[in-house]
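# Structure of the sequence below:
(4 chains)
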4 protein chains.
Amino acid sequence: MIRAGIVGGTGYTGVELLRILALHADVEVTVVTSRADAGVRADALYPSLRGSIDVVFSLPEVEPLAECDVVFFATPNGTAMLMAEQLLARAVKVIDLSADFRLKDAKEWSKWYGMEHTCPDLIAEAVYGLPEVNREAIKQSNLIACPGCYPTAVQLGFLPLLENDLVDAKHLIADVKSGVSGAGRKAELATLMSETGESFKAYAVGGHRHLPEITQGLELVAGKSVGLTFVPHLTPMIRGIHATLYGQADGSLDDVQALYEKRYADEVFVDVLPQGSHPDTRNVRGSNNCQISIHQPQGGQTIVVLSVIDNLVKGAAGQAVQNMNLMFGLKEDSGLKIIALYP
Amino acid sequence: MIRAGIVGGTGYTGVELLRILALHADVEVTVVTSRADAGVRADALYPSLRGSIDVVFSLPEVEPLAECDVVFFATPNGTAMLMAEQLLARAVKVIDLSADFRLKDAKEWSKWYGMEHTCPDLIAEAVYGLPEVNREAIKQSNLIACPGCYPTAVQLGFLPLLENDLVDAKHLIADVKSGVSGAGRKAELATLMSETGESFKAYAVGGHRHLPEITQGLELVAGKSVGLTFVPHLTPMIRGIHATLYGQADGSLDDVQALYEKRYADEVFVDVLPQGSHPDTRNVRGSNNCQISIHQPQGGQTIVVLSVIDNLVKGAAGQAVQNMNLMFGLKEDSGLKIIALYP
Amino acid sequence: MIRAGIVGGTGYTGVELLRILALHADVEVTVVTSRADAGVRADALYPSLRGSIDVVFSLPEVEPLAECDVVFFATPNGTAMLMAEQLLARAVKVIDLSADFRLKDAKEWSKWYGMEHTCPDLIAEAVYGLPEVNREAIKQSNLIACPGCYPTAVQLGFLPLLENDLVDAKHLIADVKSGVSGAGRKAELATLMSETGESFKAYAVGGHRHLPEITQGLELVAGKSVGLTFVPHLTPMIRGIHATLYGQADGSLDDVQALYEKRYADEVFVDVLPQGSHPDTRNVRGSNNCQISIHQPQGGQTIVVLSVIDNLVKGAAGQAVQNMNLMFGLKEDSGLKIIALYP
Amino acid sequence: MIRAGIVGGTGYTGVELLRILALHADVEVTVVTSRADAGVRADALYPSLRGSIDVVFSLPEVEPLAECDVVFFATPNGTAMLMAEQLLARAVKVIDLSADFRLKDAKEWSKWYGMEHTCPDLIAEAVYGLPEVNREAIKQSNLIACPGCYPTAVQLGFLPLLENDLVDAKHLIADVKSGVSGAGRKAELATLMSETGESFKAYAVGGHRHLPEITQGLELVAGKSVGLTFVPHLTPMIRGIHATLYGQADGSLDDVQALYEKRYADEVFVDVLPQGSHPDTRNVRGSNNCQISIHQPQGGQTIVVLSVIDNLVKGAAGQAVQNMNLMFGLKEDSGLKIIALYP
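Numbering: from 1, shown residues only, chains lettered A, B, ... in the order given. So this is what the prediction gives:
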């Protein structure tokens, strides 16, 4: 039985980890921390967990966490980098769902996240936890930087085109729409239901923190520099990300469809839909799946890739558990055989 | 391995049965019928099922269904009564999620459902599938009439009061709110998003089909006639039922709270919340749980019971599987260890 | 031209006042205060107002407000009572949308609102601004206590029954559902879209601040004490209140229907729907209307009244303007000829 | 007083025309047709209209319509072309909200709309009713082809760039998101709340009917052929369109911002937001406004234009009334001084 700890158990990715791990046959959640709610039962804060888990929130201290086999950080940015080193030193595997170890360039990280990186040495050690790209490295790693939600949807959508140099890498466009849970569980005006319900908007068009992460990932597989315009939007629903990706490409749609199907044939969580399909975020809601379809409107040069995930699962907690499964030699889909909640 | 068939696999209760049964360790879904979609893969119609189930819709005919161990009817009212007898004769257990066998009085049934009952002899044989009341009878039965969604939420909320004669049975009020999936997967103006989104209304205040079903159930446990005002409402969400129940009662809230906790102490799917709580439909979304809390505003004579379920799970498909588990001697929560999807 | 001031222009009732008054032919909004946003144009905060109004938020100080003919308080409870006296002394009419002057009993007020009332002398002077009850008094008054949103929907629904002593006043039930904008524009976890979207719940069943206000209003027209169980709920939409009211009554539905139609025949904003109707909150969204229908399920003794309003209009800003129209001798519907936004 | 008729009064654009025209000081709605609901009062079908309009639905026949000064067609495609000629011959002005006269090439029209055009001679006579482009022609015309909702949002967003040849016209991308009311008031599975609520998807990526309309409009102002990739999406809300437009352009953002501000300085319904803004569909909900902002992410060559409208107002009924105002020499915003409903 793997003893798992969660630092920051009161945000949406924290409670989503609890939802998944509480039913994971090989895992026992032994520690969940929350500075604000220490002493409170997790299921008192989240009645959806009643009957499934007995854990009580504790203070975020190294000692009890060091007894775990693996610790997940479901914290705001800037927290994992303060504790990771101590846990690794105690032979605890660390899976960080925040952004602390995602960017390989610490200066770039500081620029986008507005603080100094306190632990730059670990950046090189960290493996970017996108199993569809880094599976073998993940298996060997003790420190995983889980991808962001937007980066997961965009990278899985673009990868086959870039790996095969089929697209003009200088002019990529990612028009991406997210449900509001992506903004987290924080008391903020902007994500009140009265503010976001029944309305649609773009935000951060000038520059979003996930841009350098996506670019870094795409450049790695492309083997060259990449030019990406990334426009995130807020859509009036709770869960789900829909990426609409545009690239200039040669080649027929049939070939591209075949390429995608081959690329993801062995990936249990990436599903290339039949030609002509349009994925719907509801069809992955609550599951760890990414569904993708490819179009070539009017037979022209523009390839349109549609890629959907649940931002809290494949975009966060589910992917984190997928990484854990790989790190501990479990079946990759252990605890993740979840069918999306439709309707 | 239990071979299960589903008649009417293309409605919301049908696809919800598929979601649950596809992951049930003891069940293999061998037949799913759909007159309109015969020949089509289930996961072509419901991409949420891709990777989880291989079944193809077939025509609703007795022969392949008779090879099953159990057949679920997720059909409009009036269909199960046409096929149940033949299946029972072939030693197939039948679980009907429609209303065909819920009312013990065939004339009353005809009045509310607007058609003759073609199979009145089976009504007596059918067991009303509310395990919290009829568990032992369900285990012995081959024909289950699964309760409606409103009746499940209302009965579980009122039962302890009526069983103990603590409430004025002549003046009960059930003000109940349902998400729109309760209206089914039918092309109708009234349930378009543009018609039901961002709006709230009562409907069928003059008389709803679930009224005689609820009254029948309450009278059975009360041992006397019951007077119930039942007002259903449509609330702008997809899943969930919230029943707000009012009764005139003597006795302190502490005693009533204790009574409810005791009554449901051994019920795995009925959860009495701590005093002072307000259940939230989201906390049971996708799960088979019923969460209940009890209030006594201003310490007066009016007891207010709040009872929430997911109408498609505890109010339909989940309860059907719970019945199946009992009928086949499985653990009652087999395949039903599902944690609600929050947020 | 009436010069109007608004204290607290950045909440939902404040911006709703701006929406209505900006198009009111007889009113010019000359002052809008906001401590936090002083110096900012109103349409910078609320781009929906661009092109319609030029006002800039100022600090909430008596001096500029005293130049107005009327001042609306769209503030949290406890603010109007600090400024009303000074403004009245300067011959400014005051319309308070908060709760400061609603309860005639200052001690009762303190109990429910958790603070001392600093201005109890004015309570007697204040007229409760429900025009359908107090029209003549409103015309003569300089200080209006605008009713709360729940109290407006519930009182308009119950009034004809109580005025005519047709109902058992000791056992009234008001099961009321509100959209989330009723919670105001405040950064709070509980009203995030991820928390309230796709979910339904009751709250404050033990006791809500609007209870004494409703009871006071009902007792006034009943001429005797009233027993009310009031259960508020949060429904996943932005605007709208739906009150489902239950009373034990003698008399036929036809008579009650006729009574309601007669009672409200001359009320421009109260609309009794044809017998058998179910009002829908969307049909009053954005308008100052209250739509009401009456039912008598199964011909029994329980009368069910359905009453819907837009909580921000007839439940707040619209009713405030209706009061202003009366106070200044304008047509009662000046600036309020708004048709609900459907769909 | 202008006597107005509406053919097809029971769809969302029809009832939206009623909402606007009922309050238009210069218009009296004398005829509203509905084959299915002839004889029924409009406010019986749409209780939001109670108290505002007395009209009764009549059969769609030429005779009573010929008594009108103007007739609006709010019909499915293929109806206006059957009646327009007769009405024009009777000196009735015709404003068609459907697609019948939008495309100048009748063969192209037949290809996209799947039927023969019965009235190709009138196509040349029809003026495309986008006032911001065709104002003077509209004033002289008796037959207006009102633009589609997507085409309005996309053209208003791209116009200044194309008029000034500032963008690579061969590689334009329009990623557009629509609320579900755009699908109309039809009993269809695909737009049930259970199907579209809480989910996001693209559709018709292979080719949508609005593509040739948009291209035709853009080519006219560009004076050359245009290459457009148009991807429509369905977003879980009722009203609103958000167009995210991408083009490769030289020139600084400051210059482009200034250009847009100058281009639309005299347009009462097009509002260029301050640099750095992100328009929100809620801020135009129910109003005839289009709000636009322009971005140049990372100072690169890609210009991103954000353009929002209410699909039923500026995208349909409001724009139709704007056209009517021009045709009858009224102020362009008569009856259209509506402030968006926020929140």
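
# Doesn't A:Val29 lie inside a helix?
No - read with DSSP: H, G, I helix; E, B strand; the rest coil, A:Val29 is strand and lies in no helix.

# SS state for whichever residue of the stretch 201-343 of chain A sits closest to chain D?
Per Cβ to the nearest Cβ, the residue of the stretch 201-343 of chain A with the smallest distance to chain D is A:Arg282, at 3.6 Å. (Each C-beta comes from the backbone N, C-alpha and C, glycine too.) Classification of A:Arg282 by three-state DSSP places it in helix.

# For chain A, which residues are neighbours of chain C?
Residues of chain A lying near chain C by Cβ under 8 Å from any Cβ of the partner chain: A:12, A:180-181, A:183, A:185-189, A:191-198, A:236-238.

# residue in the stretch 101-250 of chain A nearest to chain D?
Closest residue of the stretch 101-250 of chain A to chain D, Cβ to the nearest Cβ: A:Ser199 (3.6 Å).

# And for that residue, the neighbour number?
Residues lying near A:Ser199 (other Cβ atoms under 10 Å in any protein chain shown) number 26.

# So which bits of the longest helix along chain A are buried?
Secondary structure of chain A per DSSP state H: the longest helix is helix A:149-163. Residues of helix A:149-163 classed as buried: A:149-162 (neighbour count, 16 or more other Cβ atoms under 10 Å in any protein chain shown).

# Identify the bridge partners of A:Val94.
Note on A:Val94: beta-bridge partners A:Val71, A:Leu143, judged by DSSP bridges.

# if I pick it, what's in contact with it?
A:70-71, A:73, A:80, A:84, A:87-88, A:142-144 (Cβ atoms under 8 Å, 6 or more residues apart in numbering or on different chains).

# at 6 Å what do you get?
Shown in contact with A:Val94 (Cβ atoms under 6 Å, 6 or more residues apart in numbering or on different chains): A:71, A:84, A:87-88, A:143.

# just to revisit the earlier point, what score does the residue of the stretch 201-343 of chain A closest to chain D have for pLDDT?
For A:Arg282, the pLDDT comes out at 98.

# That one contacts D:Lys201, correct?
No - contact criterion Cβ atoms under 6 Å: A:Arg282 and D:Lys201 do not qualify, at 8.3 Å.

# ok, which stretches of the stretch 151-300 of chain A are helices?
Taking DSSP state H, counting those that start in this stretch to define them, one finds helices in the stretch 151-300 of chain A at A:193-196, A:210-222, A:253-263.

# Go ahead and name everything in contact with the longest one.
By Cβ under 6 Å, 6+ apart, the surrounding residues in contact with helix A:210-222 are A:102-103, A:108, A:112, A:148, A:150-151, A:154-155, A:158-159, A:162-163, A:169, A:225-226, A:228, A:230.

# Is A:Val305 in a helix, a strand, or coil?
Under three-state DSSP, A:Val305 comes out as strand.

# didn't it look like it was pressed against A:Leu245?
Yes - the pair A:Val305 / A:Leu245 is scored as a contact, 4.1 Å apart, by Cβ under 6 Å.

# residues shared between the contacts of these two?
With Cβ under 6 Å, 6+ apart, A:Val305 and A:Leu245 have common neighbours A:Gly157.

# Excluding chain neighbours, give the residue nearest to whichever residue of the stretch 151-300 of chain A sits closest to chain C in space.
Chain C sits closest to A:Met193 of the stretch 151-300 of chain A, with a gap of 4.1 Å, by Cβ to the nearest Cβ. The spatial neighbour of A:Met193 that comes closest, neighbours along the chain excluded (Cβ to Cβ, 6 or more residues apart in numbering or on different chains), is C:Met193 at 4.1 Å.

# Tell me how many other residues surround that neighbour.
Every residue meeting other Cβ under 10 Å relative to C:Met193 is counted, giving 26.

# Quick check: it vs C:Gln296, distance?
39 Å (Cβ to Cβ, to the nearest Å).

# what's the answer for A:Asn323, then?
62 Å.

# And these two? Which one has more around it.
Regarding A:Asn323 and C:Gln296, a neighbour count based on other Cβ under 10 Å identifies A:Asn323 as having more, with 29 against 21.

# so what's the nearest residue to that one once chain neighbours are set aside up against?
Among residues not flanking A:Asn323 along the chain, A:Gly129 sits closest, at 4.4 Å (Cβ to Cβ, 6+ apart). Residues near A:Gly129 by Cβ under 6 Å, 6+ apart: A:144, A:146, A:323.

# Next one: A:Gly129 relative to A:Gly217, how far apart?
Distance from A:Gly129 to A:Gly217, by Cβ to Cβ: 11 Å.

# one step back: I'd like the buried residues of helix A:149-163 written out as a markdown table, with distance to B:Val31 added.
Shown next, in a markdown table, are the buried residues of helix A:149-163 (distance: Cβ to Cβ, whole Å):
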| residue | distance to B:Val31 |
| --- | --- |
| A:Cys149 | 39 |
| A:Tyr150 | 42 |
| A:Pro151 | 43 |
| A:Thr152 | 38 |
| A:Ala153 | 37 |
| A:Val154 | 41 |
| A:Gln155 | 41 |
| A:Leu156 | 35 |
| A:Gly157 | 37 |
| A:Phe158 | 41 |
| A:Leu159 | 39 |
| A:Pro160 | 38 |
| A:Leu161 | 41 |
| A:Leu162 | 45 |
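
# would you turn those residues into JSON lines with pLDDT and distance to chain D?
As requested, the buried residues of helix A:149-163 are exported to JSON lines (pLDDT from 0 to 100; distance: Cβ to the nearest Cβ, whole Å):
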{"residue": "A:Cys149", "pLDDT": "98", "distance to chain D": "14"}
{"residue": "A:Tyr150", "pLDDT": "98", "distance to chain D": "14"}
{"residue": "A:Pro151", "pLDDT": "98", "distance to chain D": "16"}
{"residue": "A:Thr152", "pLDDT": "98", "distance to chain D": "16"}
{"residue": "A:Ala153", "pLDDT": "98", "distance to chain D": "12"}
{"residue": "A:Val154", "pLDDT": "98", "distance to chain D": "14"}
{"residue": "A:Gln155", "pLDDT": "98", "distance to chain D": "19"}
{"residue": "A:Leu156", "pLDDT": "98", "distance to chain D": "16"}
{"residue": "A:Gly157", "pLDDT": "98", "distance to chain D": "12"}
{"residue": "A:Phe158", "pLDDT": "98", "distance to chain D": "16"}
{"residue": "A:Leu159", "pLDDT": "98", "distance to chain D": "19"}
{"residue": "A:Pro160", "pLDDT": "98", "distance to chain D": "18"}
{"residue": "A:Leu161", "pLDDT": "97", "distance to chain D": "16"}
{"residue": "A:Leu162", "pLDDT": "98", "distance to chain D": "18"}
